[in-house]
Structure formats: structure tokens, C-alpha cells
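Visitor: quick one, fold the following:
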Amino acid sequence: MRVTPSKLSSEFVLALLAALLLFAPSSGTYAQSTTRSFQMGVWDSITDYTDIPTFSLDRNQPAGRSILFGWNWYSAPIAAGGEVDWSHLVAVLIDEPYRDLDLDRWVVGHPHPCTSQEAFNAWLAEINAFDARLAQRAAELRSVAPRARFWVNFTEAEASWMVVGLCGEGMPVERSTVDLNKPYIDVISVDRYEVDFDANLKPYYGWWSANPAKPDQQMALIAGTFYRAGQPANQPGGVLQQASLLQHYFDYADTMNHSCDLPLGSRGRTGTFDGCPVWIVLGWQAEDSSQGGTTYVGLRNSNAAPIATAWETQRAKLLRRDLAYQLTKVKIVPLLLPMLVK
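Guide: Numbering: from 1, shown residues only. I've put the predicted structure just below:
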């Protein structure tokens, strides 16, 4: 039999409320040595090193909740049916969508955007076209999976356009910032590897935290879970150096998620770290890959053991109870009070 609120006596509801308030976790201080305040995942890892599996279209979609990356966002609409079960997705990750407009690529055959207002406007028109396509994909995702997050990952160059500006002083177009962070973006992130997070990436996240595109916008951290083959272990890109950089990501996520009180937004309650400023820490990558003549050795390779150990040591920590269950004392009362007045 399905019990509806109208069939519950006020005495029963009050007793239930008292019990829930007694046993619900509080949002007090948690020892970072034994708990973590964020979920973790690894790029292209379905079975290990991850709280939420990730997959691309060249691999079978895992059972249960998962994150899709590698979607051909520019030309492939998001629609019900087809090769993806959208109902099980918690997020779609769009990776570096403006990369072809980064200046090291754009200026080949085009004038530099900062050399004249006309050149800047032509470049900005392309930016706006990409932005419109992204907004379209986000709307499509909402129609087929209204609780899934639309996640956009930017290059550091693009993050700098937003925070610092595109053009240098003394150029015909000076310090023009470009607004790429829009309200259709549920989760925003930036990737740059082999550098200290606090010195190089934290300023961007601080700016986004203080200037979100919408009140419920969350952030993701993308850490390097790889090393460069042939690089000395203690040099940038080396296996020991890469392992040592991970803790800065973990510490920042723990600090930011001390209070998870962002509004829910249009998605409502999803049960996956709602209201937390940092939605996930994602590692790139699980597998080996080669790009531009460099081999990147992922943490699944046994030679990357120091990176895998640092990652798994953090992931082995218990999730904070108030975040794992996503139901605190503050949230219980508004849920049950309407039952008392029926």
C-alpha cells in the first residue's frame, strides 16, 4: 500500500520528525584526516578509482549513474533514444569547446583579435556562435535529462579571458574580458596540469565562486592523474611530482565544501552533492595516451603507482555523512512540516 501524507497522523509525523532530527548528521566539523567532502572520478574509468563512472561513446555506457564525455556537441543534438540512456546520466562534460578559437590556432589565417576592434569583433562573433550552440545543447539536455548537469571545462587561456582579459596594455584593444561563463553552465572547470593548483588555478576558481553565472552553479576540479613518459620523477610532469600536486586539489575541495548551502536551482534535488561549491574532483586520466609525440601514462598503469596511491588514499576516506546522505536537520523540517498541516 502506498502511504500518502494525508493518511499520516500528526502524532506519527511528529515522532518521525523527532527521530530524524536525532539521528540526522549535523554540519559540524569533520576531521579531514578521516573523511572527505567531495566525490571523485577519473576520466574514462568505469570500474575503479572513481565514485561516479565516466564513459565516452566508444565504450559501453555503465549501469547506473554515470558521466558522459567526448560528446560531439557542435554537430550532434542531444535527443531521447539513440545510443545513450540519458535518464542515467548525472552530467555531460563538454571539454574545451572554444579550443579552436584559442589564439594560437585562430591567428593562423586571421588577424590577432587585439590588433583592431574590427579583428576583435570578428573573433568575438565566432565565440558567440559557439556559445549559442552550447546553450542549445544545454537546453536539449534539460529536455531529456532535467536533473543532469551540463558541465563545461575550459582551457586556462579561456579562463584567463574571463578573469584577466584577452589583450595586453598598449594594444589597440586593451584588456577586453570575454564572458564565457553563462547561466546554462551547471558545472564549470579549468584544466592545466603539471603546476601548483594554489598558485596557478585557485585564482580562477576564486573568481568563479565570487561571480557565478547563476546562484546554483557548481565547480569541478580536474587534476593530473598521469605522468609524462621519460620525465625525471621529481621534475614537472614526473611521476612523483604529479603525485605531490594532488593534495592541493583535495584540500581546496574540502575547504570549499565545508558548507554545502548553494540553492538547488532548476534541477531540484538530484542526490549527488547538491549545493556543494565543488561538485567533483576529476582525474585526467586513467589510461595511457599519446599526444604530439608525448606519451602520458595514466594512473591505471603500474608505473604510475605513486599517483594511484595518492589518489586511492584520498578516495578511501569516508564521505562526510551529511553530504553522503544529502539530508540534514535543516532540510528535514521543511520537508515534514507540510504534512502536519494537511
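Visitor: now the strand or helix carrying Arg142: average pLDDT?
Guide: Arg142 is part of helix 117-144 when elements are defined by DSSP states H and E. For helix 117-144, the mean per-residue pLDDT is 96.
Visitor: do the same with stretch 206-219
Guide: Along stretch 206-219, the predicted confidence averages to a pLDDT of 97.
Visitor: stretch 272-292 too?
Guide: Computed over stretch 272-292, the average pLDDT equals 95.
Visitor: so is Leu68 in a helix, a strand, or just coil?
Guide: What DSSP: H, G, I helix; E, B strand; the rest coil gives for Leu68 is strand.
Visitor: residues touching it, list them.
Guide: Counting by Cβ atoms under 8 Å, 6 or more residues apart in numbering, Leu68 makes contact with 54-57, 61, 84, 89, 91-93. All C-beta atoms are positioned from the backbone trio N, CA, C, and that covers glycine.
Visitor: highest neighbour count among those?
Guide: For those, neighbours were counted by other Cβ atoms under 10 Å; the highest total belongs to Ala91, with 29 neighbours.
Visitor: for that residue, which non-adjacent residue is spatially closest?
Guide: Excluding its sequence neighbours, the residue lying closest to Ala91 (Cβ to Cβ, 6 or more residues apart in numbering) is Arg149, at 4.1 Å.
Visitor: so the most centrally placed residue in the chain, which of the three states?
Guide: The chain has Ala220 as the residue nearest its centroid, 2.9 Å off, counting by Cα atoms, centre = their mean. Reduced to three states with three-state DSSP, the structure at Ala220 is strand.
Visitor: so how far is Val107 from it?
Guide: In this structure, Ala220 and Val107 are 30 Å apart, going by Cβ to Cβ, to the nearest Å.
Visitor: same check on Ala145?
Guide: If you go by Cβ to Cβ, the gap between Ala145 and Val107 works out to 38 Å.
Visitor: between those two, who's got more neighbours?
Guide: Under the criterion of other Cβ under 10 Å, the comparison of Ala145 against Val107 puts Ala145 first, with 23 against 15.
Visitor: surely the more buried one touches Val84?
Guide: No - proximity of Ala145 to Val84 does not meet the contact threshold set by Cβ atoms under 8 Å, at 9.4 Å.
Visitor: what about the helices in the stretch 201-342 of the chain?
Guide: For the stretch 201-342 of the chain, the helices identified by DSSP state H, counting those that start in this stretch occupy 202-210, 239-256, 305-315, 321-324, 329-340, in order along the chain.
Visitor: just tell me which of those helices ends up closest to Phe38.
Guide: Using Cβ to Cβ as the criterion, the shortest distance between Phe38 and the helices of the stretch 201-342 of the chain is 4.0 Å, found for helix 239-256.
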